[in-house]
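A.B. asks: test case, fold it:
(chains A and B)
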Amino acid sequence: MKLSAHAFLRFWGVHAWAGVIGGLVLHVMFFTGAITLFRGELEIWQEPLAQQAAVTGTHQALLERALGKLPVEPEGVWFYPKESGAAELGYTDPKTGVWQRFWFDGHTGALIPRRERLADFLYNLHFLWHEVTGDWLYYASGFFAVGLLLAIATGVLIHLKDIVRQFHQFRPDKSRRVLWSDMHKVLGVMGLPFQLLYAYTGALIVLAPLLLGALIGPVFGGDEQRAASVFWGMPARRAEQAGVSAPVLSLDELAARARAVEPRLAPETYRVHRPGRANGSVDVYGSMRGTTPKAHGAVRLRLTDGQVLHVDSPATESALGATWRWVRGLHYAYFGGVGLRVLFFVLALATSATILTGNWVWLARRQARSESPGNLLLEGLTVGIGVGTLVATAALFLASRLLPFELRDRGATEEIIFMGVFVFCAVWACMLEDRRSLWWQGVALAGLLLLPVPLLASRWSEAGLFGSGQRIGAVVGVDIALLAMALALCGISLALRRGARQSAKVRRARGAAVHAAPRRAVALLPVGGRDA
Amino acid sequence: MLEVASLLALYLAFALVHAAHPRRFPARRWHPTRAWLGAMRAFAAASAISGVVLWAQVQGVVAALLVALAALCVIGALFVLLAPLSPRTLWSLALACPLLIVSFTLAGVVHD
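C.D. replies: Residues are numbered from 1 along each chain as shown, chains lettered A, B, ... in the order given. You can find the predicted model right below:
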């Protein structure tokens, strides 16, 4: 199918502008999303408390000990006892309304505030959420995902006539512009199913609450609880006074009753509402065995007699619930195991590269006509943000292993380091006149910052690659991945440096030709424009 | 083991599809006929299906189809980008694939 010249130009314009406006933000989202695929492993790697041997005893006994240490009596408690590692506890402070998270060390009985935020920070950055910026940027990330859908659709339309050829064509021996253009098309076409999947599911996940808000009135007659139940599976609790104290069933007994109702449920976490009260209840959450993508279910039971109040599982879900399970399952890669997450990791990085090379091609085309301040700014931002994301993430990992755990506001310090390095890179790149060497320098810096991290990790943990204690798969895996990434970045930097030097030689040769040859002959020198 | 065999089968499938074009055929001195190119495409399809079947032994058909799609995307991108830079490595691996697939499959079956 061949488009008319008018349609081609329109689609090309929309594709290019959607990429230029949203591309750099999407690059950050995909890059951090790639890392976030291994959030579970990172959470174990970053915190020595998550690596200790679990205490023996019942979940109820552990919860009671932890509740006894809390300075306040919260309305509800989220409790996560783990098969290995310290238990986690969270609640909303009734005085401040701020969500608090703690580790509960079952061996010493100490309640330790969550002190390491690397994995959480990268996860939140993936959808642009932070407690400082609030929800508006989060919702903006949903619209950026919609913008990506637009860029993908128009990109497919403009390449439809020769999409199979783009599939197989990469010409590194041609000019730099052709190389970037080929790379953009190969990665874009090959990554198309992945990009479509993530843009679509990402937009749905972020924008669904907005949709729900719009539907509560006309569809559910203003009944928020029913709307939440249809949309999210588990109905929201109604606000009520704290009841009187009463004898309650243990969490272990309640988990056994939940399993009796839904045999596929593997209980993992508990959300206890009004613990120890007559009107209390518990949501027993867990993954469902034998589901693809892996589903998560919950059973709500009354604390006093274990009566089942609600079941949320694939067996009871509505069509909307099943759709939602697939959307989340595909986006969070709840299938295929570690192998699939590695594939998705590569595809996410490839998408970042598609976006950056797209900007580069656009700039090369426009700068061939004129060097406007806007083009120069975009060039600076593309290099600065492209490289800055790598360097800032490497600096974050390094800071995470260098800062002492006793440091007050440790998490905030790490976040400031990340943002400081990121902004510095972006500003520095915009201020430089010649940015050609910045790519290899930035990539090399990121590699060098990341290189000592696995070794430094052994300061806090004996379970890693360089530790001398009993090894834990997740910790060793993250150490190996960091080492591999550091070496890969150093290797890429050397390749980029070689390429930059060859380009400089070509430019010098062209410059010499400009001085030596008559004007008309210079105009005929190859610039690679037609090849792109 | 079966997962590795599955990924190798998908690798072989993409390599065959990539080579099944007169301009991209790796042996420069030999010009394949249309029948040869058709046979390569047929082998590629068979290899891709065997990749899905092998992964399905571990995690079920739905997961296998999704993983195969993701794996073909990654393998395709890496193959096309690396083929001009290091052709011998990539084609040697493709040639070794049938033997490796059989070895890993047998190892996987025996291990399980």
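A.B. asks: which SS class is A:Met234?
C.D. replies: coil (DSSP: H, G, I helix; E, B strand; the rest coil).
A.B. asks: my guess is it meets A:Ser313, correct?
C.D. replies: No - counting by CB atoms under 8 Å, A:Met234 does not reach A:Ser313; the two are 10.7 Å apart. All C-beta spots, glycine's among them, are computed from the backbone N, C-alpha and C.
A.B. asks: who touches both of the two?
C.D. replies: Here A:Met234 and A:Ser313 have A:Ala298 as joint contacts, going by CB atoms under 8 Å, 6 or more residues apart in numbering or on different chains.
A.B. asks: between these two, which one's more packed in?
C.D. replies: Here A:Met234 and A:Ser313 are compared on neighbour count by other CB atoms under 10 Å in any protein chain shown; more neighbours surround A:Ser313, at 22 against 17.
A.B. asks: so what's the more buried one closest to, chain neighbours aside?
C.D. replies: On the basis of CB to CB, 6 or more residues apart in numbering or on different chains, the spatially nearest residue to A:Ser313 that is not a chain neighbour turns out to be A:Gly297, at 3.8 Å.
A.B. asks: wasn't the one you found part of a strand?
C.D. replies: Yes - the assignment for A:Gly297 by three-state DSSP puts it in a strand.
A.B. asks: what's around it, how many residues?
C.D. replies: Should you count by other CB under 10 Å, A:Gly297 turns out to have 27 residues around it.
A.B. asks: identify the residues contacting the single nearest residue of chain B relative to chain A.
C.D. replies: With CB to the nearest CB as the measure, the residue in chain B that lies nearest chain A is B:Ala77; the distance is 3.9 Å. For B:Ala77, the set of contacting residues under the criterion of CB under 8 Å, 6+ apart consists of A:186-187, A:190-191, A:350.
A.B. asks: restrict those to contacts with chain B.
C.D. replies: A:186-187, A:190-191, A:350 (CB under 8 Å from any CB of the partner chain).
A.B. asks: possible to save those as JSON lines with secondary structure and neighbour count?
C.D. replies: Below are those laid out as JSON lines (DSSP: H, G, I helix; E, B strand; the rest coil; neighbours: other CB atoms under 10 Å in any protein chain shown):
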{"residue": "A:Val186", "secondary structure": "helix", "neighbour count": "25"}
{"residue": "A:Leu187", "secondary structure": "helix", "neighbour count": "27"}
{"residue": "A:Met190", "secondary structure": "helix", "neighbour count": "26"}
{"residue": "A:Gly191", "secondary structure": "coil", "neighbour count": "27"}
{"residue": "A:Ala350", "secondary structure": "helix", "neighbour count": "25"}
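A.B. asks: out of these, who's nearest chain B?
C.D. replies: The closest of these to chain B turns out to be A:Met190 (CB to the nearest CB; 3.9 Å).
A.B. asks: pull the contacting residues for that closest one.
C.D. replies: A:167, A:350, B:73-74, B:76-77, B:80.
A.B. asks: out of these, which sit inside helices?
C.D. replies: Assigned to helices by DSSP state H, the following of the contacts of A:Met190 qualify: A:167, A:350, B:73-74, B:76-77, B:80.
A.B. asks: tell me the residues of chain B that contact chain A?
C.D. replies: By the rule CB under 8 Å from any CB, the part of chain B lying against chain A is B:3, B:7, B:18, B:21, B:24, B:59-60, B:62-63, B:66-67, B:69-71, B:73-74, B:76-78, B:80-81, B:83-85.
A.B. asks: go again using 6 Å as the cut-off
C.D. replies: Listed as neighbours of chain A in chain B under the rule CB under 6 Å from any CB of the partner chain: B:3, B:60, B:62-63, B:67, B:69-71, B:73-74, B:76-77, B:80-81, B:84.
A.B. asks: out of the residues you listed, who's the most crowded?
C.D. replies: Counting neighbours by other CB under 10 Å, B:Ala71 leads the residues of chain B next to chain A with 28 neighbours.
A.B. asks: now name the helix or strand holding that one.
C.D. replies: In this structure, B:Ala71 sits in helix B:61-82 according to DSSP states H and E.
A.B. asks: which element follows that helix toward the C-terminus?
C.D. replies: Using DSSP H and E, the next helix or strand after helix B:61-82 towards the C-terminus is helix B:87-111.
A.B. asks: re the thing from before, for the residues of chain B next to chain A, which two are the farthest from each other?
C.D. replies: Pairwise distances across those peak at 37.6 Å for B:Gly60 and B:Pro84 (criterion: CB to CB).
A.B. asks: and for the residue lying closest to A:Thr389 once chain neighbours are set aside, the neighbour number?
C.D. replies: Computed as CB to CB, 6+ apart, the closest residue to A:Thr389 that is not its neighbour in sequence is A:Phe31, at 5.1 Å. For A:Phe31, the number of neighbouring residues by other CB under 10 Å comes to 24.
A.B. asks: picking that back up, let me know the closest of the ones in helices among the contacts of A:Met190 to B:Val109.
C.D. replies: Taking CB to CB as the measure, B:Val74 is the one of the ones in helices among the contacts of A:Met190 closest to B:Val109, at 25.7 Å.
A.B. asks: distance check, A:Ser461 against chain B.
C.D. replies: As for A:Ser461, its distance to chain B is 29 Å (criterion: CB to the nearest CB, to the nearest Å).
A.B. asks: ok, that residue - contacts?
C.D. replies: By CB atoms under 6 Å, 6 or more residues apart in numbering or on different chains, A:Ser461 lies in contact with A:48, A:51, A:467, A:475.
A.B. asks: now A:Arg237
C.D. replies: With contact set as CB under 6 Å, 6+ apart, A:Arg237 has these partners: A:His273.
A.B. asks: which SS state does A:Glu102 fall under?
C.D. replies: Slight slip there: residue A:102 is Phe, not Glu. Under three-state DSSP, the three-state class of A:Phe102 is strand.
A.B. asks: any idea which element residue 14 lies in?
C.D. replies: With no chain named, the answer covers chain A. A:Val14 is part of helix A:5-36 when elements are defined by DSSP H and E.
A.B. asks: chain B is the one I meant
C.D. replies: In the assignment (DSSP H and E), B:Phe14 maps to helix B:2-19.
A.B. asks: pLDDT weak spots in the chain?
C.D. replies: This is for chain A. For chain A, the stretches with pLDDT under 70 are A:1, A:368-370, A:513-532.
A.B. asks: chain B was what I was after
C.D. replies: Residues of chain B that meet the criterion pLDDT under 70 lie in B:112.
A.B. asks: domain boundaries for chain A, per the record?
C.D. replies: A:1-47+A:117-233+A:329-337, A:48-114, A:370-532 (automatic domain parsing).
A.B. asks: is any residue of the one helix or strand A:Arg510 maps to near chain B?
C.D. replies: Element membership of A:Arg510 [criterion: DSSP H and E] is helix A:473-516. No - residues of helix A:473-516 contacting chain B under CB under 6 Å from any CB: none, with a closest distance of 9.3 Å.
A.B. asks: quick one: contacts of the helix holding B:Phe14?
C.D. replies: By CB under 6 Å, 6+ apart, the list of residues contacting helix B:2-19 from outside reads A:339, B:24-26, B:40, B:43-44, B:47-48, B:50-51, B:54-55, B:57-58, B:71-72, B:75-76, B:79, B:94, B:97, B:100-101, B:104-105, B:108.
A.B. asks: the inter-axis angle of it versus helix B:87-111?
C.D. replies: Angle, helix B:2-19 to helix B:87-111, by axes from the mean of the first three to the mean of the last three CA atoms, to 10 degrees: 150 degrees.
A.B. asks: CA atoms only: put helix B:2-19 into PDB for me.
C.D. replies: Extracted C-alpha coordinates of helix B:2-19, given in PDB (Å, rounded to 0.1, in the frame of the first residue of the first chain):
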ATOM      1  CA  LEU B   2      14.000 -26.800  27.000                       C
ATOM      2  CA  GLU B   3      13.800 -23.000  27.200                       C
ATOM      3  CA  VAL B   4      17.300 -22.700  25.700                       C
ATOM      4  CA  ALA B   5      16.400 -25.200  23.000                       C
ATOM      5  CA  SER B   6      13.200 -23.200  22.200                       C
ATOM      6  CA  LEU B   7      15.200 -19.900  21.900                       C
ATOM      7  CA  LEU B   8      17.700 -21.600  19.600                       C
ATOM      8  CA  ALA B   9      14.900 -22.900  17.400                       C
ATOM      9  CA  LEU B  10      13.500 -19.400  17.200                       C
ATOM     10  CA  TYR B  11      17.000 -18.100  16.400                       C
ATOM     11  CA  LEU B  12      17.300 -20.600  13.600                       C
ATOM     12  CA  ALA B  13      13.900 -19.600  12.300                       C
ATOM     13  CA  PHE B  14      14.800 -16.000  12.000                       C
ATOM     14  CA  ALA B  15      18.200 -16.700  10.500                       C
ATOM     15  CA  LEU B  16      16.500 -18.800   7.800                       C
ATOM     16  CA  VAL B  17      14.000 -16.100   7.000                       C
ATOM     17  CA  HIS B  18      16.700 -13.500   6.800                       C
ATOM     18  CA  ALA B  19      18.800 -15.700   4.500                       C
END
